[in-house]
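Enquirer: Need coordinates for the below:
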Amino acid sequence: MLSKFVYPMKKGENSPKIYYTIGEVSRMLGVTQSTLRFWEKEFEGIKPYRNKKGNRFYHPEDVELLRLIHYLLKEKRYTIPGAREYIRLNKKQGMRDMEIAAVLRQVKEFLIQLRDSI
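Expert: The predicted structure is shown next:
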């Protein structure tokens, strides 16, 4: 889960961050900040911490759920109601499938680079 994915860390930091800003999460996922705010309203379980100014700070668990939502909506082409239902029924399976897909993409990239270098 979290240990298998590298999150941006500051220089000299040994562990993932405790909180991620909305800007950091939007860059990680390649979506706009307004998309993240929309997903907060549409999906249960995303509850970012907000400071007194109202800035959102996402826990790593929130980021993982957002990654799953992104995977279902953008890669698997689910509708929002379909993704919501899938997460409700198969969240663990979805996380596993997402991890497998990420590993397969990395293997594919490596093989393409290997082929091109020959």
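Enquirer: So the closest residue to T21 other than its chain neighbours, which state does it fall into?
Expert: Leaving aside its sequence neighbours, T21 sits nearest to F57 (C-beta to C-beta, 6 or more residues apart in numbering; 6.3 Å). Using the backbone N, CA and C atoms, a C-beta is placed for each residue, glycine as well. At F57 the chain is in strand, as set by DSSP: H, G, I helix; E, B strand; the rest coil.
Enquirer: Test of understanding: give the bridge partners of F57.
Expert: T21, Y49 (DSSP bridges).
Enquirer: That one contacts V63, doesn't it?
Expert: No: here F57 does not reach V63: they are 10.8 Å apart, not a contact under C-beta atoms under 8 Å.
Enquirer: Do a quick rundown of the helices in this protein.
Expert: For the chain, the helices defined by DSSP state H cover 22-29, 33-42, 60-70, 80-117.
Enquirer: Can you tell me which of these is packed in deepest?
Expert: Across those, averaging neighbours per residue (mean count of other C-beta atoms under 10 Å) puts helix 60-70 on top, at a mean of 20.
Enquirer: re the thing from before, turn the helices of the chain into a markdown table, including mean pLDDT and distance to P48.
Expert: Converted to a markdown table, these look like this (pLDDT from 0 to 100; distance: least, C-beta to C-beta, whole Å):
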| stretch | mean pLDDT | distance to P48 |
| --- | --- | --- |
| helix 22-29 | 96 | 7 |
| helix 33-42 | 96 | 7 |
| helix 60-70 | 95 | 6 |
| helix 80-117 | 93 | 17 |
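Enquirer: how close does the residue nearest to T21 sit to R67?
Expert: 17 Å (C-beta to C-beta, to the nearest Å).
Enquirer: Over to E61?
Expert: For E61, the distance to R67 equals 11 Å [C-beta to C-beta].
Enquirer: same thing with R37?
Expert: In terms of C-beta to C-beta, R37 sits 16 Å off from R67.
Enquirer: try Y49
Expert: 18 Å.
Enquirer: Ok, which of the helices of the chain comes nearest P16?
Expert: For P16, the closest of the helices of the chain is helix 60-70, at 5.9 Å, according to C-beta to C-beta.
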